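Q: coords please:
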Amino acid sequence: MALMPGLQLNIGQQLKLTPQLQQSIKILQYSAMEVQQTIDTMLETNFMLEVDEEEIGSDENDARKEDEKDSGGDEELTKEEQPLDIEHDNQIDDNIELDMQWDEVFSDHTSSSAGSDSAESTAAENYTSAETTLHDHLQWQLDVAPFDERQTVLASYIIDDINDEGFLGSGSDLDSLLATINDNETDDEHPLYSLEELEATLKQVQQFEPNGVAARNLQESLLLQLAGFPQTPYVVTAQKLIEENFDWLTFHDHKRIKKVYGLNDEELNTLLRLIQSLNPRPGRDFSPTQSEVVIPDLRLKRLKNGWVVELNQDAFPRLSVNSTYLKLASELDDSDQNKRIKDQVNEAKGLIKSIQNRGETLLRVGTFIVDRQQSFFEEGEQAMKPLVLREVAEHLDLHESTISRATNQKYIQTPRGTFELKYFFSTGVSQYGSADQSATAIKAHIKQLIDEEDPKKPLSDSKLMKILEEEKDISVARRTIAKYREAMNIPSSSERKRLNKYKF
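A: Coordinates of the predicted model:
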């Protein structure tokens with residue numbers, strides 16, 4: 001069969017995302033901190049973008065607006081919650097157009113809340129000093145220890161191998177650590193290090209603070225800590241128990257412990273309290289104490305006429321296009337310069353629009369969530385209602401993926417605390433003949449019942465099921481209660497009874 005050249009006509013459809021649409025999707029997905037980082041980066045590269053630092057309104061106007069808001073009425077709220085004014089004094093020529101229509105990004109838009117709070121300076125007491133890490137603490141002790149050159153090299157590798165919990169990352173496999181040291185540190189002038197040298201140095205590092213550090217496992221760490229105690233009969237017994245029969249502690253085999261070591265109930269309690277006083281993770285004492293900074297995107301306030309959701313304007317600077325540069329651009333005859341300015345204007349305007357649309361979408365989603373979960377803000381977790389992404393998407397006429405982006409790593413500051421928007425979503429547990437119950441609410445009821453139980457007679461899962469059905473009118477299977485209890489890291493009733501017996 002001869003090969004002949006020919007033409008074919010294929011008809012197909014392709015979906016292409018323009019750069020502005022891609023940016024808008026990314027901005028919606030970003031957390032508040034990531035949006036701030038994006039703005040800072042753009043301010044460094046785009047000379048047409050600027051931060052509007054003009055203070056909007058005086059204190060008297062702010063007080064008047066607050067009074068108007070408290071007095072109720074949609075008209076007053078609408079006046080305060082005007083959308084961000086991105087077009088104000090610096091109008092952009094009609095010949096500068098974006099490559100898309102902004103109503104293509106989301107299905108529709110609503111007005112966003114815009115506050116006029118000015119930026120607040122950071123007080124000196126809010127600054128924190130650098131924290132000392134576990135490795136810094138160990139390295140400081142190494143610097144003052146009377147080690148020779150070879151011991152210092154070995155100790156440095158040992159310290160580098162210690163994880164944040166205080167244990168050796170290589171565990172009991174010192175051979176691999178030794179091989180790494182010999183590969184990096186030995187040559188013709190420096191002979192190979194031996195395993196005996198490494199083990200001897202390890203024992204010296206294990207004498208560093210905190211007690212129990214540089215252990216190869218939990219058992220060794222507890223023994224190292226007990227070695228620093230005065231050698232009383234209870235300490236000696238604890239050392240023997242951990243060294244000889246550590247599994248008995250793991251499985252709470254108290255009868256065998258009493259029988260083998262000749263202890264009565266009182267002596268056993270004293271022994272267990274001594275062991276419980278030890279630190280199972282000695283490195284945790286040097287864990288960072290500074291909490292992660294969370295910037296809320298939304299704020300919830302309670303006014304006389306109900307709950308009001310508004311954007312947190314303190315989270316983002318007010319952006320605008322530099323009107324001075326626009327005026328200068330109109331006087332330029334250089335086509336290359338005009339093209340560059342046009343690109344910069346499009347880029348700046350695109351970012352401003354993306355941030356505005358992000359705020360509008362978050363405001364819509366947050367308002368719906370607050371309306372749906374209003375009982376939570378008034379009564380607590382036990383009043384949480386079931387809510388899924390699909391329900392929000394259908395009500396707001398948006399795609400589920402948009403709702404997912406708008407709730408992931410987005411936070412709302414409320415009188416009950418700051419929550420991620422995803423926190424308010426939970427599946428519903430079907431109730432026979434009544435409204436579904438939220439899984440979050442059921443977990444809250446279970447936790448409350450366990451917190452209030454008699455420590456000597458903990459409630460079993462079956463008993464919890466009966467109490468929920470009789471007192472809370474919540475019908476849920478026993479296996480579901482067990483699943484929720486385990487998800488909250490709450491032991492079983494028999495385990496709680498055993499643990500309560502040896503609490504201080």
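
Q: confirm that Thr418 sits in a strand.
A: Yes. Thr418: assigned to a strand according to DSSP: H, G, I helix; E, B strand; the rest coil.

Q: what's the local residue count around it?
A: 15 (other Cβ atoms under 10 Å). In this view, the C-beta of every residue, glycine as well, is placed from N, C-alpha and C.

Q: ok, now how distant is it from Ile295?
A: 10 Å (Cβ to Cβ, to the nearest Å).

Q: now the common contact residues for those two.
A: Tyr411 (Cβ atoms under 8 Å, 6 or more residues apart in numbering).

Q: kindly confirm my reading that Glu310 is in a strand.
A: Yes. Under the criterion used here (three-state DSSP), Glu310 sits inside a strand.

Q: sec struct for Trp248, please.
A: Assignment for Trp248 (three-state DSSP): helix.

Q: need the helix or strand of this protein with the lowest average pLDDT.
A: Lowest mean confidence among the helices and strands of the chain (mean pLDDT, DSSP states H and E): helix 74-80, at a mean of 43.

Q: ok, now which ones touch Leu300?
A: Leu300 neighbours (Cβ under 8 Å, 6+ apart): Trp307, Val308, Val309, Gly366, Val370, Phe377, Ile412, Gln413, Thr414, Pro415.

Q: and what of Ser462?
A: Arg478.

Q: from Gln437, how far out is it?
A: From Ser462 to Gln437 the distance is 19 Å (Cβ to Cβ).

Q: and if you look at Glu199?
A: In terms of Cβ to Cβ, Glu199 sits 59 Å off from Gln437.

Q: for those two, indicate the residue with more neighbours.
A: Gln437 (24 against 12).

Q: for the more buried one, give its distance to Gln374.
A: Gln437 is 17 Å from Gln374, by Cβ to Cβ.

Q: which other residues reach stretch 256-273?
A: Tyr234, Thr237, Ala238, Lys240, Leu241, Asn245, Trp248, Leu249, His254, Tyr502, Phe504.

Q: what's the helix or strand for the second one?
A: I take that to be Thr237. Here Thr237, judged by DSSP states H and E, is contained in helix 233-244.

Q: what lies in contact with that helix?
A: In contact with helix 233-244 (Cβ under 8 Å, 6+ apart) are residues 219, 222-223, 226-227, 229, 248-249, 257, 261, 263, 267, 270-271, 274-275.

Q: from those residues, pick the one nearest Trp140.
A: The closest of the contacts of helix 233-244 to Trp140 turns out to be Ala227 (Cβ to Cβ; 22.4 Å).

Q: show me where pLDDT drops low in this protein?
A: The chain contains residues with pLDDT under 70 at 1-2, 14-17, 53-131, 171, 288-292, 333-334, 428, 430-436, 501-504.

Q: not counting sequence-adjacent ones, nearest residue to Leu226?
A: Leaving aside its chain neighbours, Leu226 sits nearest to Gln239 (5.2 Å; criterion: Cβ to Cβ, 6 or more residues apart in numbering).

Q: for the one you found, the count of nearby residues, please.
A: Using other Cβ under 10 Å: Gln239 sits among 16 other residues.

Q: do you know how far it is from Glu165?
A: Gln239 is 22 Å from Glu165, by Cβ to Cβ.

Q: any of the contacts of stretch 256-273 buried? List them.
A: Tyr234, Thr237, Ala238, Leu241, Trp248, Leu249, His254 (16 or more other Cβ atoms under 10 Å).

Q: distance to Ala145 added to the residues you listed, as CSV?
A: Shown next, in CSV, are the buried ones among the contacts of stretch 256-273 (distance: Cβ to Cβ, whole Å):
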residue, distance to Ala145
Tyr234, 32
Thr237, 33
Ala238, 29
Leu241, 32
Trp248, 37
Leu249, 33
His254, 41
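
Q: name the nearest of those relative to Thr324.
A: Nearest member of these to Thr324, counting by Cβ to Cβ, is Leu249, at 74.0 Å.

Q: is it true that that closest one touches Gln276?
A: No. The criterion here is Cβ atoms under 8 Å, and Leu249 misses it with Gln276 at 10.0 Å.

Q: in the stretch 151-300 of the chain, which spans are helices?
A: Here the stretch 151-300 of the chain has its helices, by DSSP state H, counting those that start in this stretch, at 174-185, 195-205, 218-227, 233-244, 246-250, 254-261, 265-276.

Q: which other helices and strands contact the second one?
A: Helix 195-205 sits against helix 149-161, helix 174-185, with contacts defined as 3 or more Cβ pairs under 8 Å, 6 or more residues apart in numbering; DSSP states H and E.

Q: quick one: which of these is nearest Pro386?
A: When these are compared (using Cβ to Cβ), the closest one is helix 149-161, at 48.1 Å.

Q: can I get the CA coordinates of that closest one in PDB?
A: In PDB, the C-alpha atoms belonging to helix 149-161 read as follows (Å, rounded to 0.1, in the frame of the first residue of the first chain):
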ATOM      1  CA  GLU A 149      40.100  16.100  69.200                       C
ATOM      2  CA  ARG A 150      38.900  12.700  68.300                       C
ATOM      3  CA  GLN A 151      36.200  12.700  71.000                       C
ATOM      4  CA  THR A 152      35.000  16.100  69.800                       C
ATOM      5  CA  VAL A 153      34.600  14.800  66.300                       C
ATOM      6  CA  LEU A 154      32.600  11.800  67.400                       C
ATOM      7  CA  ALA A 155      30.500  13.800  69.800                       C
ATOM      8  CA  SER A 156      29.600  16.300  67.100                       C
ATOM      9  CA  TYR A 157      28.300  13.600  64.900                       C
ATOM     10  CA  ILE A 158      26.300  12.100  67.800                       C
ATOM     11  CA  ILE A 159      24.700  15.400  68.500                       C
ATOM     12  CA  ASP A 160      23.800  16.000  64.900                       C
ATOM     13  CA  ASP A 161      22.100  12.600  64.900                       C
END
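
Q: Lys463: neighbour count?
A: By other Cβ under 10 Å, neighbour count at Lys463 equals 16.

Q: quick one: distance of the host helix or strand of it to the chain centre.
A: According to DSSP H and E, Lys463 maps onto helix 461-471. Mean C-alpha position of helix 461-471 versus that of the full chain (Cα atoms, centre = their mean, to the nearest Å) differs by 34 Å.

Q: counting contacts, what elements does whichever helix or strand comes after that helix pack onto?
A: Using DSSP H and E, the helix or strand that directly follows helix 461-471 along the chain is helix 478-487. Here helix 478-487 touches helix 439-451, helix 461-471, going by 3+ Cβ pairs under 8 Å, 6+ apart.

Q: okay, the ones you listed in a markdown table with distance to Lys385 next?
A: Converted to a markdown table, those look like this (distance: least, Cβ to Cβ, whole Å):
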| stretch | distance to Lys385 |
| --- | --- |
| helix 439-451 | 8 |
| helix 461-471 | 17 |
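
Q: nearest to Leu178, out of these?
A: It's helix 439-451; of the helices and strands packed on helix 478-487, that one is closest to Leu178 (Cβ to Cβ) at 49.0 Å.

Q: could I get the closest one in PDB with only the CA atoms?
A: What follows is helix 439-451, C-alpha atoms only, in PDB (Å, rounded to 0.1, in the frame of the first residue of the first chain):
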ATOM      1  CA  ALA A 439     -20.200  14.200  64.000                       C
ATOM      2  CA  THR A 440     -18.500  17.200  65.700                       C
ATOM      3  CA  ALA A 441     -21.500  17.600  68.000                       C
ATOM      4  CA  ILE A 442     -21.600  13.900  68.900                       C
ATOM      5  CA  LYS A 443     -17.800  13.900  69.700                       C
ATOM      6  CA  ALA A 444     -18.400  16.900  72.000                       C
ATOM      7  CA  HIS A 445     -21.200  15.100  73.800                       C
ATOM      8  CA  ILE A 446     -19.000  12.000  74.200                       C
ATOM      9  CA  LYS A 447     -16.100  14.100  75.600                       C
ATOM     10  CA  GLN A 448     -18.300  15.900  78.000                       C
ATOM     11  CA  LEU A 449     -19.700  12.700  79.400                       C
ATOM     12  CA  ILE A 450     -16.300  11.100  79.800                       C
ATOM     13  CA  ASP A 451     -14.900  14.300  81.500                       C
END
